[in-house]
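> One predicted model, sequence on top.
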Amino acid sequence: MCVSAAVALWLVAKAVGWFLAHWWLLLVAAVIAVLAGIGWWQQRAQRAQWEQAQARVLRYGLSQLDALAHRQFEYAIRDLMRRDGCADAVQVGGQGDLGADVKATDPLGRRWVIQCKHRRYGQRGAAVGTPELQVLNGTGRPVHKADVVVMVTNGRITQPGQVFARQQRLHLVDRTLLGAWASGARPLWELLPALPPPRRPSARS
């Protein structure tokens, strides 16, 4: 054990001596590391700026949305919410989603829960009716704690469904409103009536 300790001390002493004799190598390595870190940070910042710029100009036509699969449609709605300033917008749809396909928090602090109903044939597809809205109504606020509960479809919503939505304070985005939102630059909360008040003061207040 003493021999091992002596060998270890000798190796440490040799290493220290070598580093003292070649201190400039450490300096060069440190400079390279700093430059590499700066370069990585700049690339990350540029990538974030590019992604933000791409999000600001995101547009979808109805024909593009019609051509998507259902899951892709959910991601498109998520991306539109991110475009509008909901940095935390996330796609959560899938088995056991309890009526929520997209969740987000808008810049005014309101929590959104969105259910997406994609229709392959758009306006000619099956209309979204009261049963689907009842499921959303049963989970949107009680389970997901949403301030704004929304049904989005690239198709139609039945008249009874529209009546039910008004009674339960659900917000509907049908094909017409979806087209205006997806192809324009206005956030969804500027297109929907009777939204709940902000959770935090706005910059304009």
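Alright, I've got the coordinates. Residues are numbered from 1 along each chain as shown.
> Quick check on Lys103: phi, psi?
phi -120, psi 150 (degrees, to the nearest 10).
> If I look at it, what pLDDT would I see?
Listed pLDDT for Lys103 reads 97.
> where's it relative to Asp174, distance?
21 Å (Cβ to Cβ, to the nearest Å). Every C-beta, even on glycine, is put in place using the N, C-alpha and C of the backbone.
> Would you mind telling me which of the two has more residues around it?
Lys103 (22 against 19; other Cβ atoms under 10 Å).
> partners of that one in the sheet?
Beta bridges link Lys103 to Val90, Val113, judged by DSSP bridges.
> ok, now which ones touch it?
88-90, 92, 111-114, 144, 146 (Cβ atoms under 8 Å, 6 or more residues apart in numbering).
> Most neighbours among those, which one?
Ile114 (30 neighbours).
> Ala165: neighbour count?
Ala165, neighbours per other Cβ under 10 Å, totals 21.
> no no, Val128
Neighbours around Val128, by other Cβ under 10 Å: 24.
> Was I right to think it contacts Met151?
Yes. If you go by Cβ atoms under 8 Å, Val128 and Met151 touch, sitting 6.3 Å apart.
> what's the span of stretch 108-121 from first residue to last?
Stretch 108-121 stretches 35 Å from its first residue to its last (Cα to Cα, to the nearest Å).
> For the most centrally placed residue in the chain, list the residues it contacts.
For the chain, Ala89 is the residue whose C-alpha lies nearest the centre (Cα atoms, centre = their mean; 2.8 Å). Ala89 makes contacts with 78-79, 81-82, 102-104, as judged by Cβ under 8 Å, 6+ apart.
> same question, Leu177
Contacts of Leu177 by Cβ under 8 Å, 6+ apart are 191-192.
> is it fair to say it lies in a strand?
No. Using DSSP: H, G, I helix; E, B strand; the rest coil, the assignment for Leu177 is helix, not a strand.
> burial measure for Ser4, as a count.
Applying other Cβ under 10 Å, I find that Ser4 has 8 neighbouring residues.
> Would you check how far apart it and Lys14 are?
16 Å.
> can you check Val90 too?
From Val90 to Lys14 the distance is 55 Å (Cβ to Cβ).
> Poorly predicted segments of the chain, please.
1-3, 5-8, 19, 22-27, 29-30, 39-56, 96-97, 200-205 (pLDDT under 70).
> can you rerun that using 90?
1-57, 93-99, 185, 199-205 (pLDDT under 90).
> quick check: domain ranges of it?
In the domain annotation for the chain, the residue ranges read 2-56, 62-190 (automatic domain parsing).
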